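Student: next come a sequence and a model predicted from it.
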Protein chains: 2
Amino acid sequence: MPRIALLIEYDGKKFHGSQLQVGVRTVQSELEAAIAVLAKRDVRVTLSGRTDTGVHAWGQVAHVDWPDDDVDTWRLANSLNGIMKKDIAVRTAQIVPDAFHARFSAKSRQYVYRILNRRHRSALLKDTHYFVPQPLDLKAMQDATAGLLGNHDFSSFRSTNADNSSTVCTVFRSELLSLGEGQLEFWITADHFVYNMVRIIVGTVVEIGLGKRHPNCVEQALQTSNRDLCGPTAPPWGLTLISVGYGDEYNLFADDSFKTKA
Amino acid sequence: MPRIALLIEYDGKKFHGSQLQVGVRTVQSELEAAIAVLAKRDVRVTLSGRTDTGVHAWGQVAHVDWPDDDVDTWRLANSLNGIMKKDIAVRTAQIVPDAFHARFSAKSRQYVYRILNRRHRSALLKDTHYFVPQPLDLKAMQDATAGLLGNHDFSSFRSTNADNSSTVCTVFRSELLSLGEGQLEFWITADHFVYNMVRIIVGTVVEIGLGKRHPNCVEQALQTSNRDLCGPTAPPWGLTLISVGYGDEYNLFADDSFKTKA
C-alpha cells in the first residue's frame, strides 16, 4: 500500500469546506468518491488542514494509502481529474515515504487574501477578491501587518467556535502588497493558523485602513488576547491556501509544471 | 446631451460577444438595456471595438450621449452596476468632449492571452487560461513573438470571415512572459487588430512551442500573407482586452482606483 501525496486545487464556491460532512459536498468527499471509483473500495483521504466554505486552494495537500502496489501517479491524477467536477483538480500525485502525513508532517502553510479597493464593483474579480469601495490607508495597513511577524499568541484572532489547538503561532511572512489598479494582496505564512485567523486579521486590517481602528490595535490584540480588539471576519472568497510546506526531505511536487526551456 | 465614456469590465463566458445581435445576450445589449432603465428611453452605446464570444474585458471602453444634462457619473456607474448582472460592470464613467469617439478616437488596444502549461488541468484557471498539457519551448515562442513588433501586414493572421479594414497593423508591444508554475502571458499592444489576430498568433506560437512548426513561420507568414503558415485559432477564454489607449488629451479614467496613500 504505497502512500501517495496529492497536490489539490479547488474553487471554494460550491464546496461546504474541505472536511467530510454528512449530506453536503466537501473537498474530502469529492476526492474520496473519485478515488473509490478507481480503487473499487473506500479509501480515506487525509488533508493538511481544513479550509472553510468558500475558501479556495491553489496548493492544498492530501495523502492516501493506495490499495494497489502498482500505481502510475500521472495516470492516477489524470483519472481523478476525469472523474471529478471541473472546480476541483489534482495538480500532481507523488509516491511518498510511509512516514509522510499531510497534516502532521506540515511545517508551514501559506495563504493569500485578495482585496479589490476601487470605486465600483468588478465582474472578473468578484469571486476571488473582497471588494472594499472606500479609500484605504495602505501605509497604516502595512504597518499593522508587519507587526504580526514572529511568535505571538493569536487567541484574539480566533473564532469563538474554535478547537483546542495551540494559539501560539510563528509567522514567517506577513506582507501587504499593492499590485496597482486597486488590487491588494495580503500574503501570510505561518507554522499553523488558529480558526479563521487570516480572515479576522484581514477584517481588522481593513478597518485600520478605513480609519475605524487605530493601527496599534493589532499589537494590542496580540498582547491582551481580547477578541473585541479585532475587526469582523472578512469574507471567505478572498482567501486562497497557496501552499503547504514540508521541508526538503520530502522534495514534494517538484515536477508539477514542466521544466520550460528558457 | 453630454457624451460619457464608460470603462467596462466583463467575463466573456455568458456573452455572445460584444456587438448587438438579435435574440442573444451581448455586452452592448446588456449595457443598452440597463441604460434604458435609467434614461427612460433608448440610448445607443458605441464600443471601442468588438470582442468575440467568450473573450473577456478588463478595460473595454464605450461612449453614450446621455439625454440629461445633469448627470452624476459616480451615481450613473453605481446605478448601472445595480441593474446589470454580476458578470459585467462599469468600472468608471467620465464626461468627455463631444469629439471623443470610443472607436475612432482609439489609438491602441492592449490584450493579454493567458496559457497554463502544466501536466494536469486547473480548477481555478479553467475559465481564464488556455490549458496546454505538453512541454513548450518557451525560448522559441519568445523569439517568434518578438518578430511581431513594428509594422506588418497581418492578413495571414486573419479569420476568413473578416471585414474589410486594413490588415496593416503597428505592434507596439509583443511579449511572452513566464510567471512561474506553468503560467504564461502573451501581452500585445497595437494600433488596431484584424479579426481573430491575437488568437491566431497564440495558436501559431503554441504550435512553435510544441515543435510542430518552425519558429520562423511567423516571419514567413508576415511576409507572404499565407493563412496556411499559421496555426489554429486559440480558444477565446484565454483572451482579455486589457485597455484601450486614447492619448493624453482625453486623460481618461485617471480616478478608477483610489489614490492609495503609500
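Tutor: Thanks, I have it.

Student: CA atoms for contacts and neighbours, from now on please.
Tutor: OK.

Student: report how many residues lie close to A:Arg41.
Tutor: 12 (other Cα atoms under 10 Å in any protein chain shown).

Student: Three-state assignment for it, please.
Tutor: coil (DSSP: H, G, I helix; E, B strand; the rest coil).

Student: read off the pLDDT value for it.
Tutor: A:Arg41 carries a pLDDT value of 95.

Student: same question, A:Met84
Tutor: At A:Met84, pLDDT is 98.

Student: burial of A:Phe172, as a residue count?
Tutor: 16.

Student: correct me, but it touches A:Thr189?
Tutor: Yes: the pair A:Phe172 and A:Thr189 qualifies as a contact (Cα atoms under 8 Å) at a distance of 5.4 Å.

Student: show me where the stretch 51-200 of chain A has its helices.
Tutor: Counting by DSSP state H, counting those that start in this stretch, the stretch 51-200 of chain A has helices at residues A:73-83, A:138-146, A:197-209.

Student: just checking, A:Ser155 touches A:Arg227?
Tutor: Yes: under the criterion of Cα under 8 Å, A:Ser155 makes contact with A:Arg227 at 7.5 Å.

Student: quick one: which of the two has more around it?
Tutor: Ranked by neighbour count (other Cα under 10 Å), A:Ser155 and A:Arg227 place A:Ser155 first, with 23 against 18.

Student: so for the more buried one, what's the pLDDT?
Tutor: Reported pLDDT for A:Ser155: 91.

Student: ok, it to chain B distance?
Tutor: 30 Å (Cα to the nearest Cα, to the nearest Å).

Student: next one: A:Pro2
Tutor: A:Pro2 is 21 Å from chain B, by Cα to the nearest Cα.

Student: need phi/psi at that residue.
Tutor: phi -70, psi 140 (degrees, to the nearest 10).

Student: and it, how many neighbours does it have?
Tutor: Using other Cα under 10 Å: A:Pro2 sits among 17 other residues.

Student: before we move on, back to that, dump the helices of the stretch 51-200 of chain A to TSV, plus distance to chain B.
Tutor: TSV is the format used below for these (distance: least, Cα to the nearest Cα, whole Å):
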stretch	distance to chain B
helix A:73-83	7
helix A:138-146	5
helix A:197-209	10
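
Student: show me how chain A divides into domains.
Tutor: Annotated domains of chain A cover A:3-105, A:108-243 [automatic domain parsing].

Student: run through who's touching the helix-or-strand element of chain A with minimal mean pLDDT.
Tutor: Ranking every helix and strand in chain A by mean pLDDT, DSSP states H and E puts helix A:217-224 at the bottom, with a mean of 92. Among residues not part of helix A:217-224, those counted as contacts by Cα atoms under 8 Å, 6 or more residues apart in numbering or on different chains are A:144, A:147-148, A:152-157, A:204-205, A:227, A:229-230.

Student: please, where are all the strands along the stretch 1-150 of chain A?
Tutor: A:3-10, A:46-47, A:56-65, A:88-96, A:108-116, A:130-131, A:150-153 (DSSP state E, counting those that start in this stretch).

Student: what's across from A:Ile4 in the sheet?
Tutor: For A:Ile4, the beta-bridge partners are A:Val64, A:Ile95 (DSSP bridges).

Student: that one: neighbour count?
Tutor: 21.

Student: ok, the spatially closest residue to A:Phe193 that is not a sequence neighbour - contacts?
Tutor: Using Cα to Cα, 6 or more residues apart in numbering or on different chains and skipping residues adjacent in sequence, the residue nearest A:Phe193 is A:Cys169, 6.6 Å away. Taking Cα under 8 Å, 6+ apart, we find A:Cys169 in contact with A:151-154, A:190-194.

Student: so how far is A:Cys217 from A:Cys169?
Tutor: For A:Cys169, the distance to A:Cys217 equals 18 Å [Cα to Cα, to the nearest Å].

Student: count of neighbours near A:Val61?
Tutor: 27.

Student: hmm, I typed the wrong one, I wanted A:Asp98.
Tutor: A:Asp98 has 11 nearby residues by other Cα under 10 Å.

Student: of the contacts of A:Cys169, buried ones?
Tutor: Buried members of the contacts of A:Cys169, scored by 16 or more other Cα atoms under 10 Å in any protein chain shown, are A:152-154, A:190-194.

Student: between these, which sits nearest chain B?
Tutor: Chain B lies nearest to A:Ala190 out of the buried ones among the contacts of A:Cys169, by Cα to the nearest Cα, at 21.8 Å.

Student: and that closest one, how far from A:Ala106?
Tutor: A:Ala190 is 11 Å from A:Ala106, by Cα to Cα.

Student: what's the answer for A:Gly82, then?
Tutor: 28 Å.

Student: who has more neighbours, the two?
Tutor: The neighbour comparison of A:Gly82 against A:Ala106 (other Cα under 10 Å) goes to A:Ala106, with 18 against 13.

Student: wait, doesn't that one sit right on A:Val244?
Tutor: Yes: in this structure, A:Ala106 is within contact of A:Val244 by Cα under 8 Å, at 6.5 Å.

Student: need the residues touching each of these two.
Tutor: A:Ser48.

Student: any regions of the stretch 101-250 of chain A where pLDDT drops low?
Tutor: A:160-164 (pLDDT under 70).

Student: alongside chain B, which residues does it contribute?
Tutor: Within the stretch 101-250 of chain A, the positions near chain B by Cα under 8 Å from any Cα of the partner chain are A:117-124, A:126, A:135-139, A:181-182.

Student: just checking: what are the partner strands of the lengthiest strand in chain A?
Tutor: Counting residues, the longest strand in chain A under DSSP state E turns out to be strand A:168-180. With DSSP bridges as the test, strand A:168-180 is paired with strand A:150-153 (antiparallel), strand A:183-190 (antiparallel).

Student: now that strand: buried residues?
Tutor: Neighbour-count burial for strand A:168-180 [16+ other Cα under 10 Å]: A:169-176, A:178.

Student: and A:Thr26, how far from chain B?
Tutor: Taking Cα to the nearest Cα, one finds A:Thr26 at 15 Å from chain B.

Student: go ahead and confirm that residue touches A:Gln19.
Tutor: Yes: assessed by Cα under 8 Å, A:Thr26 is found in contact with A:Gln19 at 6.1 Å.

Student: how far does stretch A:200-220 sit from the chain's center?
Tutor: From the chain centre to the centre of stretch A:200-220 is a distance of 22 Å (Cα atoms, centre = their mean, to the nearest Å).

Student: now it: buried residues?
Tutor: For stretch A:200-220, using 16+ other Cα under 10 Å, the buried residues are A:200-210, A:213-215, A:217-218.

Student: what is the end-to-end distance of it?
Tutor: Stretch A:200-220: ends 15 Å apart by Cα to Cα.

Student: how close does A:Ala221 get to A:Phe193?
Tutor: From A:Ala221 over to A:Phe193 (counting by Cα to Cα), the distance is 16 Å.

Student: let me redo that: A:Glu185
Tutor: Counting by Cα to Cα, the gap from A:Glu185 to A:Phe193 is 18 Å.

Student: A:Leu38 now?
Tutor: Taking Cα to Cα, one finds A:Leu38 at 34 Å from A:Phe193.

Student: mind putting the domains of chain A into a markdown table with distance to B:Asn78?
Tutor: Shown next, in a markdown table, are the domains of chain A (distance: least, Cα to Cα, whole Å):
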| stretch | distance to B:Asn78 |
| --- | --- |
| domain A:3-105 | 25 |
| domain A:108-243 | 7 |
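
Student: gap between stretch A:126-139 and the chain center?
Tutor: With Cα atoms, centre = their mean, you get 20 Å for stretch A:126-139.

Student: contacting residues around it?
Tutor: A:13, A:113-121, A:206, A:208-211, A:234-235, A:237-239, B:86, B:258-262.

Student: switch to 7 Å and redo it
Tutor: The contact list for stretch A:126-139 (Cα atoms under 7 Å, 6 or more residues apart in numbering or on different chains) reads A:114-121, A:209-210, A:235, A:237-238, B:258, B:260-262.

Student: need the contact list for A:Ile95.
Tutor: A:Ile95 neighbours (Cα under 7 Å, 6+ apart): A:2-5.
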